[in-house]
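> any chance you could fold what I've pasted below:
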Amino acid sequence: MEPDPEQTALYKAYHDGKLVYVGVSKSVLRRISEHQWVEPTSIEVEYHPSREDAELEERRLIRETNPVYNIMHAQLESEKRSRRLQKKMHRGGDAAEIIKRARRLSGMTQQEIAAKLGTFQQVISQYETARIEPTLPTLKMLLAAISRCEYI
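Predicted structure coming up:
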């Protein structure tokens, strides 16, 4: 049976029985052929009604299983995001928007960031809504906590 073209595939790539990568794509075989890591020995595919649903499940699986190639890729992507955010900060970017965007890209919740920093979720919310403006050292600390999450 052919998948619905509106659905998005969540795929899990295994090598010798070990989960090595979790991804989301409309074209699984094309996407896997683009990867630069070891050839998977098996692949599991499940379809989700929307890309958003598939990406939520992808983030959950990555957090729970820590596939080796997701972690390596995420670290490189995190470094790129950090450099882009630093450039934006130097150009006078809006701190609230920077914090909110970084958190969303990481997949972390306000509660998770607050727990890492030993503060309350409401404080993170106030930073993201510009009710309070973080100092530059605080902003750097927030971004460091976000970029050091386990699956990024």
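
> now do the contacts for the residue lying closest to residue 114 once chain neighbours are set aside.
Take residue 114 and drop its neighbours on the chain: the residue closest to it by C-beta to C-beta, 6 or more residues apart in numbering is residue 121, 4.6 Å away. Using the backbone N, CA and C atoms, a C-beta is placed for each residue, glycine as well. Residue 121 is in contact with 109, 110, 111, 114, counting by C-beta atoms under 8 Å, 6 or more residues apart in numbering.

> what does residue 11 give?
Shown in contact with residue 11 (C-beta under 8 Å, 6+ apart): 22, 23, 24, 25, 28, 31, 32, 43, 44, 45.

> looking at the residues you listed, which are in helices?
28, 31, 32 (DSSP state H).

> you'd agree residue 130 is in a strand?
No - assessed with DSSP: H, G, I helix; E, B strand; the rest coil, residue 130 is coil; it does not lie in a strand.

> and the gap between it and residue 47?
40 Å (C-beta to C-beta, to the nearest Å).

> ok, back up a step: which of the contacts of residue 11 are buried?
Restricting these to buried positions leaves 22, 23, 24, 25, 28, 32, with burial counted as 16 or more other C-beta atoms under 10 Å.

> ramachandran angles for the nearest residue to residue 44 once chain neighbours are set aside?
Ranked by C-beta to C-beta, 6+ apart and with sequence neighbours excluded, the top spatial neighbour of residue 44 is residue 12, at 4.5 Å. Main-chain torsions, residue 12, degrees, to the nearest 10: phi -120, psi 120.

> number of nearby residues for residue 12?
19 (other C-beta atoms under 10 Å).

> show me the contacts for it.
Neighbouring residues of residue 12 by C-beta under 8 Å, 6+ apart: 19, 21, 22, 43, 44, 45, 61.
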